[in-house]
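Participant: Here you go, sequence then predicted model.
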Amino acid sequence: MPAVSKGDGMRGLAVFISDIRNCKSKEAEIKRINKELANIRSKFKGDKALDGYSKKKYVCKLLFIFLLGHDIDFGHMEAVNLLSSNKYTEKQIGYLFISVLVNSNSELIRLINNAIKNDLSSRNPTFMCLALHCIANVGSREMAEAFASEIPRILVAGDTMDSVKQSAALCLLRLYKTSPDLVLMGEWTSRVVHLLNDQHMGVVTAAISLITCLSQKNPDEFKTCVSLAVSRLSRIVSSASTDLQDYTYYFVPAPWLSCKLLRLLQCYPPPEDGAVKGRLVECLETILNKAQEPPKSKKVQHSNAKNAILFEAISLIIHYDSEPNLLVRACNQLGQFLQHRETNLRYLALESMCTLASSEFSHEAVKTHIETVINALKTERDVSVRQRAADLLYAMCDRSNAKQIVAEMLSYLETADYSIREEMVLKVAILAEKYAVDYSWYVDTILNLIRIAGDYVSEEVWYRVIQIVINRDDVQGYAAKTVFEALQAPACHENMVKVGGYILGEFGNLIAGDPRSSPLVQFNLLHSKFHLCSVPTRALLLSAYIKFINLFPETKATIQEVLRCDSQIRNSDVELQQRAVEYLKLSSIASTDVLATVLEEMPPFPERESSILAKLKKKKGPGAVSVTELEDSKREGGELNGGSDRGPDTSSTPSPSADLLGIRSSAPVGTAPASAGNLLVDVFSEAGPAAPSAAVNDDGFLRFVCKNNGVLFENQLLQIGIKSEYRQNLGRMYLFYGNKTSVQFASFTTSVSCPGELQSHILSLNVQTKQVEPLVEGGAQIQQVLNIECLTDFSDAPLLNIKFRYGGALQNLTLKLPVTINKFFQPTEMSSHDFFQRWKQLSQPQQEAQKIFKANHSMDTEVLKAKLLGLGTALLDNVDPNPENYVCAGVIQTKGQQVGCLLRLEPNAQAQMYRLTLRCSKDSVSRRLCELLAEQF
């Protein structure tokens, strides 16, 4: 870069920046800026022509003012004029201003393009680099149209300097990413590929980034790069650190270039040329050998660079999956990292071994590390590492170690993090099914799974165990006996009651010969759980009772008495009432033969993919190991039976978006009332439940004042989950609508309205919604995104109205969306002195809101802190003289203004009372926050 002359110091700019920094208030800063803008405007409009130095200085000031957050509406032409200067510093400032302030729709774009063309054709390397940087920074389609054909020519020209080639390659990469249809390499392809042979390592490093991106889209056009990449990699790997002195990083030769070369080779299959392949294998072996050598430096940078190359090499070995020796060596090397003191290395080793486990060459080698992985699952502090350990156990499981791995995962489930429990449950269920030779072990495992993690056992899991029991005659008696014993536990999860009700209703006769499990004992055991269950489970149990009348005629009078009682035939739930009435009538008027025909045993389920496996596939997010790969690689066991995607009462698998919030784990989704009839035979049911009222439902509203995720609403038909995030005055809310029935919701529409002040002529909230699909299949879930902008403070929350047709009846539901003013808090840290100084400044009576109230919840310290942090403010330690008190500070960000807020919460544990005091720069905010918070403690 050219040296900056003494006259380029721009003293006026330095003085202006110093003045801005010395301003005591925002008002003083704005006043100083306005004064400077007026001065600059007058200079630009004056009759006297400005010299290049003055233009540069004033353009720099405008740029600085813009970076402070102020709008700049003039000076663009002067910046464009600087582009024609022959001085580097003036041209540089012109390009900088254009890169930051000029948008692609500007009327000046043609003038800018002409200036860039002049610099590109000037052959001055410094000016050419400035022009290329500007093109890359702006990266607009207009720029691509103007220069996409010119830049490749500069890149491959023999007389182009190395620094310009580097800039040209990265500029072309930027344009390709923004406008791939305009960047057509064509005749330049082979010459760009041959940049891999360039003597300048910087050019090679820049070119390989471009070639990798182009190869991913057009692999055939760039396949000649493989041999050149192998050749260049070989030279780097075999060189000593002194050979590439300028590109050696902590004794590691060209680590960034090595990683990029290895990544490029992962875009292609193994080389067909034997010599190239042999040379590549030699390179990979050398990298693995170097990993075993003692470190040449104790610096962390040395080990990071060395390990980065090693992991890219292992990724390439896994990608090729054709060299057994390299795969086993890679596995052994990763095994050493499993006990490394560095957490990141352990994580990467577990992640890579998950993929290695899918290779037939290295699967056995991976299995030798089972004890280390189990230990990691139990002892790792980082939950992400524990999750990778669980993934690896799942990947390395086969018939030889299935019982051990399932037992360890079940053991870990009792103390596992809530965030990974549902996925762990799915994996245990899949492994138990996939590798079960003894069906009694499978039944025991699933029932144990329900006992340990019942809240996280989704419907697919207990559907699946029922499908397998129904399809296997040899396990039905054992399943009935085992579930009968499990139901005798005092505390029994509802999912266990569902499984028990279904299996005993179908196969209770197989254990009825034992006096300890006689028909009446079975019925009394099931009925003892009836009043503790949700409506869908009660519906299932009623169906089990009518099955009992068919299986055990001696129980008919007892069961009819239960069906006849007012709590059943006059039940407020229409589905339970209908079942009770119809089952009572059926048992009274139907002959034995008709009853046996209507209530005959369920037929075997058809063979399909396991719905549990389908759900796990959907759960896996970007970056996770592909479940499909893992399943395809397990050549051994088939499934116990072909599995059915049809549960006992549904035909769909919920979408993966439910797992973003753990909606199913928060409140287990039962079957819908109407669908529960399919569990056994629903002989009469046609009617659906009555339409709910359209009155505003705000039951779940206050629960979300101090949290952003969870279940907002749930009834027998619909579950609504919410996940939201806020930054400054903007928010984004994800709503998840889950159909809990097996019946399709038709004409599904949603709308958001803003009542009261939000609807007045002064808009407080701007809520933009995306339309949802009008049909929601049974058991499915759809997502809706809301974008929220806070324009000014508000007190009324927006309303969400949902309408759909279920069974022909129109359902209408209105909910309060949990968008409260505190969601737009920006936490503010301050010292004790600053806090109380600001507290005194907010001393006007209308700025303070105070409330003394009785504690509604436990006065636990950690719970209080969590709620105050969830409010969005900063919780300030060692500020209040009384250590029992809590003080918080924050600024509510709206588009129109910022509202500073201070909070003081004084608990009295003896009296179980609180005094809450809020002082805000706006009185309406103080009152609203006080009302909201008083309900939280």
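Facilitator: Structure received.
Participant: What are the structural domain limits within this protein?
Facilitator: 9-101, 436-599, 698-819, 822-936 (the TED database).
Participant: ranking the ones you listed by mean pLDDT, which is last?
Facilitator: Of all the domains of the chain, the minimum mean pLDDT falls on domain 698-819 (a mean of 82).
Participant: Which one, of the domains of the chain, ends up nearest to Val385?
Facilitator: Among the domains of the chain, domain 436-599 comes nearest to Val385, with 20.6 Å by C-beta to C-beta. Quick note: C-beta positions are derived from backbone N, CA and C, even for glycine.
Participant: can you give me the end-to-end distance of that closest one?
Facilitator: Using C-alpha to C-alpha, to the nearest Å, the end-to-end distance of domain 436-599 comes to 31 Å.
Participant: cool, stretch 560-577 as well?
Facilitator: The first-to-last residue distance of stretch 560-577 comes to 14 Å (C-alpha to C-alpha).
Participant: Throw the domains of the chain into JSON lines and include mean neighbour count, thanks.
Facilitator: JSON lines is the format used below for these (neighbours: other C-beta atoms under 10 Å):
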{"stretch": "domain 9-101", "mean neighbour count": "16"}
{"stretch": "domain 436-599", "mean neighbour count": "19"}
{"stretch": "domain 698-819", "mean neighbour count": "18"}
{"stretch": "domain 822-936", "mean neighbour count": "16"}
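Participant: Now do the strands in the stretch 751-900 of the chain.
Facilitator: With DSSP state E, counting those that start in this stretch as the criterion, the stretch 751-900 of the chain has strands at 765-769, 781-790, 799-806, 809-816, 825-827, 848-854, 874-876, 886-893, 898-908.
Participant: Tell me which of the ones you listed sits nearest to Arg329.
Facilitator: Ranking the strands of the stretch 751-900 of the chain by distance to Arg329, with C-beta to C-beta as the measure, places strand 781-790 first at 44.9 Å.
Participant: centre of the chain versus the closest one, how much separation?
Facilitator: Distance of strand 781-790 from its chain centroid, counting by C-alpha atoms, centre = their mean, to the nearest Å, is 15 Å.
Participant: strands paired with that strand, and their directions?
Facilitator: strand 730-739 (antiparallel), strand 765-769 (antiparallel) (DSSP bridges).
Participant: how about CSV for these, with distance to Asp417 added?
Facilitator: Formatted as CSV, these follow (distance: least, C-beta to C-beta, whole Å):
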stretch, distance to Asp417
strand 730-739, 22
strand 765-769, 34
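Participant: Which one of those lies nearest to Lys87?
Facilitator: Nearest to Lys87 among these is strand 730-739; the distance by C-beta to C-beta comes to 42.3 Å.
Participant: what's near enough to touch Val237?
Facilitator: Going by C-beta atoms under 8 Å, 6 or more residues apart in numbering, Val237 touches 253, 258, 283, 286-287.
Participant: do Ile112 as well
Facilitator: Ile112 makes contact with 80, 83, 98, 102, 106, 134, according to C-beta under 8 Å, 6+ apart.
Participant: Mind checking which of the residues you listed land in strands?
Facilitator: Judged by DSSP state E, the subset of the contacts of Ile112 located in strands is empty.
Participant: which one of the residues you listed is nearest Leu868?
Facilitator: Val102 (45.5 Å).
Participant: any idea how far Tyr95 is from that closest one?
Facilitator: 10 Å (C-beta to C-beta, to the nearest Å).
Participant: cool, and Ala491?
Facilitator: Plainly put, Ala491 is 72 Å away from Tyr95 if you go by C-beta to C-beta.
Participant: ditto for Thr224
Facilitator: Remark: distance between Thr224 and Tyr95 (C-beta to C-beta) = 36 Å.
Participant: Equivalent analysis for Leu735, please.
Facilitator: 45 Å.
Participant: what's the answer for Arg174, then?
Facilitator: Distance, Arg174 to Tyr95, by C-beta to C-beta: 15 Å.
Participant: For Ile468, pull up the helix or strand it's in.
Facilitator: Here Ile468, judged by DSSP states H and E, is contained in helix 459-471.
Participant: Packing partners of that helix?
Facilitator: helix 418-434, helix 439-453, helix 473-486, helix 494-507, helix 611-619 (3 or more C-beta pairs under 8 Å, 6 or more residues apart in numbering; DSSP states H and E).
Participant: want to throw the ones you listed into a markdown table with distance to His369?
Facilitator: Output for the helices and strands packed on helix 459-471, formatted as a markdown table (distance: least, C-beta to C-beta, whole Å):
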| stretch | distance to His369 |
| --- | --- |
| helix 418-434 | 18 |
| helix 439-453 | 24 |
| helix 473-486 | 34 |
| helix 494-507 | 34 |
| helix 611-619 | 23 |
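Participant: So what's the residue count around Ala291?
Facilitator: Residues within reach of Ala291, counting by other C-beta atoms under 10 Å, total 19.
Participant: With adjacent residues omitted, what lies nearest to it?
Facilitator: Leu310 (4.9 Å; C-beta to C-beta, 6 or more residues apart in numbering).
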